[in-house]
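S.K.: Let's see this in three dimensions:
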Amino acid sequence: MTKPSAQLQTLKAGFFRALAHPVRIRLLEVLVMQGETSVQDLQRALNIDQPIVSQQLARLRASGIVAGRKQGASTLYAVTDPQIAELLQVAKQILNRHLVGVQSLLRELKASS
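M.R.: Take a look at the predicted model:
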């Protein structure tokens, strides 16, 4: 197995930094579920002000995770790679296993008191 280059590791870290915001994760979840969606629809789905939605979409767009397409006066956004859905699902599975472990420890702690 070859050692990944520093450049590749930096690229990977940048990708994960682009995901490292709760609003961006929520935006991706909506885009995965609904497909191509306008800023206004994303705003309504998340109950978040338009400037925040636009700012977070810009960060995802700059990282190549989402793309926008003009349709009349609106811009429709979509994930650029269908494997984003798989990535979110794997993250959910990892977190679920972690939380099950934490719950088990909490039960053990409570039983020992």
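
S.K.: where along this structure do the strands fall?
M.R.: Counting by DSSP state E, the segments of the chain that form strands are 37-38, 66-71, 74-79.

S.K.: Now do the buried residues in the top helix by length along the chain.
M.R.: In the chain, taking DSSP state H as the definition, the longest helix is helix 83-112. Within helix 83-112, the residues that qualify as buried are Ile84, Leu87, Leu88, counting by 16 or more other CB atoms under 10 Å. No exception for glycine: its C-beta is placed from N, CA and C like everyone else's.

S.K.: Kindly indicate which of these lies nearest Pro4.
M.R.: Proximity of these to Pro4 (CB to CB) peaks at Leu87, which lies at 18.5 Å.

S.K.: measure that closest one to Ile52 for me?
M.R.: Using CB to CB, to the nearest Å, Leu87 is found at 23 Å from Ile52.

S.K.: Just want the most central residue of the protein.
M.R.: Among the residues of the chain, the smallest C-alpha distance to the mean C-alpha position (CA atoms, centre = their mean) belongs to Ile25, namely 2.7 Å.

S.K.: And the nearest residue to that one once chain neighbours are set aside, how far from Leu60?
M.R.: Sequence neighbours aside, Leu19 is the residue nearest to Ile25 in space, at 6.5 Å (criterion: CB to CB, 6 or more residues apart in numbering). The spacing between Leu19 and Leu60, counted by CB to CB, is 8 Å.

S.K.: Compare neighbour counts for the two and give me the winner.
M.R.: When Leu19 is set against Leu60 and neighbours are counted by other CB atoms under 10 Å, the residue ahead is Leu60, at 24 against 17.
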